[in-house]
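**Q** Prediction below, plus the sequence it came from.
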Amino acid sequence: MANVIIVGMQWGDEGKGKIVDLLCPAFDGVVRYQGGHNAGHTVKFRDRHFALRLIPSGILRPEMACFMGNGMVIAPDAFLEELDQLAAFGVEVQGRLFVSNRAHVLLPFHAAVDRAREAAGGGNRIGTTARGIGPAYESKASRYGLRTCDLDAPDLEERLAILRRRATMELASLGAATRATAGAPATSATSETPATAEAPAEASATAEASETSEITACAEQCRAWAERLRPHLRDTEQLLNAWIAGGRSLLFEGAQGTLLDIDHGTYPYVTSSNSTAGGACTGTGVPPTRIDGAIGVLKAYTTRVGGGPFPSELGDARGDFLRQRGNEFGTVTGRPRRCGWLDTVVARYAQLLNGIDTVALTKLDVLDDFDEIPVCVAYRLDGRELRELPPDRRCLERAEPVLRVFKGWQRSTAGILEESELPAAARTYIDFIEQELGAAVTLVSTGPRREETLLRDHPTLQRLTSGRLGQVLEQR
Ligand code: IMP
């Protein structure tokens, strides 16, 4: 049985959630391995529309087991809210949703620091989702983070005190905060803190009392979260490896995209985890030798949210058209996404880093009305043509796209399920992508719904779906 990684080949929002949901019938479980509630997975099925942030997209299929790996950072309040939403829709998760007891916990401290940094950032703003993802991964790397297994630890208060102290120090240095406890948003010291006329000794006693009461409140909150999380907490690395040994197949659901990877992305405009395929192993404890392949999800054009270089970006009406037609607004933050042409420098890099076996091309229908469709195939920089992504953000900022222009098809592709029905110009566009990447495009998505996806009966897709392509087609 094949264990497969699904990964985004651009800057996120490629439509991974839909592809994961579609392919579920070929797998026994879906596993998330990195990120947190910065991810937004939208799944539409008939009259239902779900926006999932933390819980794997597979949860909407009652027969699927879902796992949240050690590589994630989990905000318990966001997780519990998602559970409540699923319950309200009648989605039963008991006994099939497992959370790693080694995953790190994202606390309100982290979100307060993230917000304050972005507010103070000036030219250094990353344009984060302001959820606290970076600071939570920093606590992990600095080795004072809290893991899900620690939420009711006997030394919880001491550990929270360390977290609070570090957050408070940073917030103060940013001139930003007075309170950052569980449930209490940080407030601006300049605008909202009343001037104090207390003597220094009294002020220090007041600060100490406030610290103690904040930590007590936060610890209470953590223990309450622990109660609700407990039925889901597991040694997921043991569970996942036992599943594989028992012949069950797993689909690893990447969040964000290759170019947002902390190591390989457009640093520093990246997220704080390894969103490339390699993250699936470190983020779950499943060894590389148990992985059978990777499916890359590639949008037919490019989008990114937040700051950072984007060589094929369109600042004109065509960019606005892509945004409106493609509904390119963030699932998590609602921010308008920046839009541009497909960039095969980026896609080839993603192919290289993830070892993509086959590609799912999404949102092809959004290009239906264009008479010409340019594709960025290289960058021009200081009179040279680059076919590979430069590491230096300044180079990338100055890079001019080298465009190859394709003829548009100017015909609706929405809902096409047969390859033979694709307009010839759309076929040429797809052929070019296949040539550039050296991998077959075996899924083409032409609408937001599960049923609006063309699947090719191709040996690679057969292999990666363990011969269960028929079931995928039946349940499409
Ligand atoms: P963070 O992950 O909130 O720290 O944000 C870092 C960068 O990653 C920002 O540019 C975000 O807009 C971007 N980002 C994070 N999650 C997603 C996602 O799911 N889709 C697209 N961009 C994302």
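**A** That came through, no problem.
**Q** What helices and strands are in contact with the helix or strand harbouring Leu80?
**A** Assigned by DSSP states H and E, Leu80 belongs to helix 76-88. Contacts defined by 3 or more C-beta pairs under 8 Å, 6 or more residues apart in numbering; DSSP states H and E place helix 76-88 against helix 200-229. Heads up, the C-betas are built off the backbone N, CA and C, glycines and all.
**Q** Work out the gap between the helix or strand following the helix it packs on and the centre of the chain.
**A** Next in sequence after helix 200-229, counting helices and strands by DSSP H and E, comes strand 233-234. Distance of strand 233-234 from the chain centroid (C-alpha atoms, centre = their mean, to the nearest Å) equals 22 Å.
**Q** about what we covered before: packing partners for the next helix or strand after the helix holding Leu80?
**A** Counting by DSSP H and E, the next helix or strand C-terminal to helix 76-88 is strand 97-100. Applying 3+ C-beta pairs under 8 Å, 6+ apart, one finds that strand 97-100 contacts strand 65-68, strand 233-234, helix 236-245.
**Q** tell me which parts of the protein are close to the ligand?
**A** Residues of the chain found near the ligand (C-beta under 6 Å from any ligand atom) are 11-13, 38-40, 126-129, 131, 133-134, 255-256, 260, 269, 271-272, 305-306.
**Q** looking at it, Glu397 is touching Glu313, isn't it?
**A** No. Here Glu397 does not reach Glu313: they are 10.9 Å apart, not a contact under C-beta atoms under 8 Å.
**Q** So between the two, which is more surrounded?
**A** A side-by-side neighbour count of Glu397 and Glu313, using other C-beta atoms under 10 Å, places Glu313 first with 17 against 12.
**Q** what's the pLDDT at the more buried one?
**A** Model confidence at Glu313, given as pLDDT, is 98.
**Q** if we can go back for a sec, want to throw the helices and strands packed on strand 97-100 into CSV with mean neighbour count and mean pLDDT?
**A** As requested, those are arranged in CSV below (neighbours: other C-beta atoms under 10 Å; pLDDT from 0 to 100):
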stretch, mean neighbour count, mean pLDDT
strand 65-68, 25, 98
strand 233-234, 18, 98
helix 236-245, 17, 98
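**Q** and of the ones you listed, who's closest to Asp392?
**A** For the helices and strands packed on strand 97-100, distance to Asp392 was read as C-beta to C-beta. The smallest value, 35.3 Å, belongs to strand 65-68.
**Q** partners of the closest one, with directions?
**A** Here strand 65-68 is paired, per DSSP bridges, with strand 29-32 (parallel), strand 97-100 (parallel).
**Q** among these, which is nearest Arg393?
**A** Comparison of those against Arg393 by C-beta to C-beta identifies strand 29-32 as nearest, at 28.3 Å.
**Q** ok, residues contacting the closest one?
**A** With C-beta atoms under 8 Å, 6 or more residues apart in numbering as the test, strand 29-32 has contacts from 20, 24, 54-59, 64-69, 72, 240, 243, 248-253, 255, 280, 284, 286.
**Q** Restricted to strands, list those residues.
**A** Among those, the residues falling in strands (DSSP state E) are 65-68, 250-253.
**Q** before we move on, back to that, any idea which of the strands paired with strand 65-68 is most buried?
**A** strand 29-32 (a mean of 27; mean count of other C-beta atoms under 10 Å).
**Q** Stretch 73-82 - what's its average pLDDT?
**A** The pLDDT scores in stretch 73-82 average 97.
**Q** circling back: now the strands paired with strand 65-68 in CSV, with mean pLDDT?
**A** Shown next, in CSV, are those (pLDDT from 0 to 100):
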stretch, mean pLDDT
strand 29-32, 98
strand 97-100, 98
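**Q** rewinding a little: the helix holding Leu80: how far from the chain's middle?
**A** Mean C-alpha position of helix 76-88 versus that of the full chain (C-alpha atoms, centre = their mean) differs by 18 Å.
**Q** How about stretch 385-394?
**A** Using C-alpha atoms, centre = their mean, the offset of stretch 385-394 from its chain centre is 24 Å.
**Q** Give me the contacts around that stretch.
**A** Contacts for stretch 385-394 (C-beta under 8 Å, 6+ apart): 266-269, 308-309, 345-346, 348-349, 377-381, 396, 399, 402.
**Q** Kindly recompute the last result at 6 Å.
**A** Contacts with stretch 385-394, where a contact means C-beta atoms under 6 Å, 6 or more residues apart in numbering, come from 309, 345, 349, 378-379, 396.
**Q** ok, now stretch 345-365?
**A** When contacts are defined by C-beta under 6 Å, 6+ apart, stretch 345-365 is touched by residues 7, 9-10, 14-15, 19, 258, 264, 276-277, 293-300, 326, 389, 413-414, 437, 439-446, 460-461.
**Q** Quick check on these: which are buried?
**A** Buried members of those, scored by 16 or more other C-beta atoms under 10 Å, are 7, 9-10, 14-15, 19, 258, 264, 276-277, 293-300, 326, 389, 413, 437, 439-446, 460-461.
**Q** Which members of the residues you listed are positioned in helices?
**A** In helices, defined here by DSSP state H, the members of the buried ones among the contacts of stretch 345-365 are 19, 437, 460-461.
**Q** Out of those residues, show me where the pLDDT dips lowest.
**A** Lowest pLDDT within those is found at Ile19 (95).
**Q** Can you give me every residue that contacts that one?
**A** By C-beta under 6 Å, 6+ apart, the contact set of Ile19 is 297, 360.
**Q** Distance check, it against Pro25.
**A** As judged by C-beta to C-beta, to the nearest Å, Ile19 and Pro25 stand 13 Å apart.
**Q** what does Ala87 give?
**A** 24 Å.
**Q** Which residue of the two possesses the greater neighbour count?
**A** Pro25 (18 against 12).
**Q** That one against Gln471, yeah?
**A** Yes. Between Pro25 and Gln471 there is a contact under C-beta atoms under 6 Å: 4.1 Å.
**Q** could you say what helices and strands the top strand by length along the chain packs with?
**A** Assignment by DSSP E gives strand 372-381 as the longest strand of the chain. Counting by 3 or more C-beta pairs under 6 Å, 6 or more residues apart in numbering; DSSP states H and E, the packing neighbours recorded for strand 372-381 are strand 400-407.
**Q** and the strand it packs on with strand 372-381, angle?
**A** 160 degrees (axes from the mean of the first three to the mean of the last three C-alpha atoms, to 10 degrees).
**Q** Perfect, that will be all.
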